[in-house]
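Peer 1: Requesting a structural model of the entry that follows:
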Amino acid sequence: MKNNYLLPHKFKLIGLILLAPTLVLAAMFLFNDFEFEFLELSVFSLANTPLFGDADLFVTLSNNITNELIAVLSIVSLLFIAFSKQKNEDELVNAIRLKSLVMATYINYFILLFCVIFFYELAFLWVMLLNMFTILIFFIVYFNLRMFQLNRK
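Peer 2: Predicted structure coming up:
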């Protein structure tokens with residue numbers, strides 16, 4: 001049975017090319033509070049919850065979307081890298097891909113359980129923010145490590 005759920009192989013290169021500047025932007029944003037001034041836009045928000053006060057639903061507000069741009073680029077590039085076909089995609093690679101996805105899920109949720117127990121307040125919010133990306137990162141690392149081991153044999 002032929003599964004057609006993977007992206008073409010060229011998407012891996014596109015993902016890598018997208019990821020490089022995205023990581024630089026993410027580091028600049030996280031460590032220097034960097035934001036592009038031209039990305040200060042009026043955006044539609046399904047829900048806006050200020051620190052004090054009631055939530056506003058379905059509102060337009062002014063927001064710098066640098067962090068949203070970084071998140072979107074990170075997710076798209078990691079998805080492209082993780083779910084693009086290998087040059088020689090066969091049943092063994094499919095089995096390695098499945099095992100890698102299962103292991104990445106186990107690792108991700110084991111770490112998340114640890115963080116639920118030992119991180120609180122704003123630190124836990126950062127954990128949850130990073131958790132959006134970690135399952136894809138763990139999968140990419142584990143899968144490529146297994147493929148490297150396979151190719152060395």
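
Peer 1: Report the buried residues of stretch 29-37.
Peer 2: By neighbour count on 16 or more other CB atoms under 10 Å, the buried set for stretch 29-37 is residue 29. Glycine gets a C-beta too; all of them are placed from N, C-alpha and C.

Peer 1: Give the rounded mean pLDDT of it.
Peer 2: Taken as a whole, stretch 29-37 has a mean pLDDT of 92.

Peer 1: List of residues touching it?
Peer 2: The contact list for stretch 29-37 (CB atoms under 8 Å, 6 or more residues apart in numbering) reads 25, 28, 64, 66-67, 70.

Peer 1: Likewise for stretch 139-153?
Peer 2: Residues contacting stretch 139-153 (CB under 8 Å, 6+ apart): 78, 81-82, 86, 92-93, 96-97, 99-101, 103-104, 107.

Peer 1: which residues in the protein form helices?
Peer 2: Remark: helices assigned in the chain by DSSP state H are 10-32, 66-82, 91-118, 121-152.

Peer 1: As JSON lines, those helices with distance to residue 47 would be great.
Peer 2: Formatted as JSON lines, these follow (distance: least, CB to CB, whole Å):
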{"stretch": "helix 10-32", "distance to residue 47": "23"}
{"stretch": "helix 66-82", "distance to residue 47": "15"}
{"stretch": "helix 91-118", "distance to residue 47": "24"}
{"stretch": "helix 121-152", "distance to residue 47": "16"}
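
Peer 1: just those helices: most buried one?
Peer 2: Among the helices of the chain, helix 66-82 has the highest mean neighbour count (mean count of other CB atoms under 10 Å), at a mean of 18.
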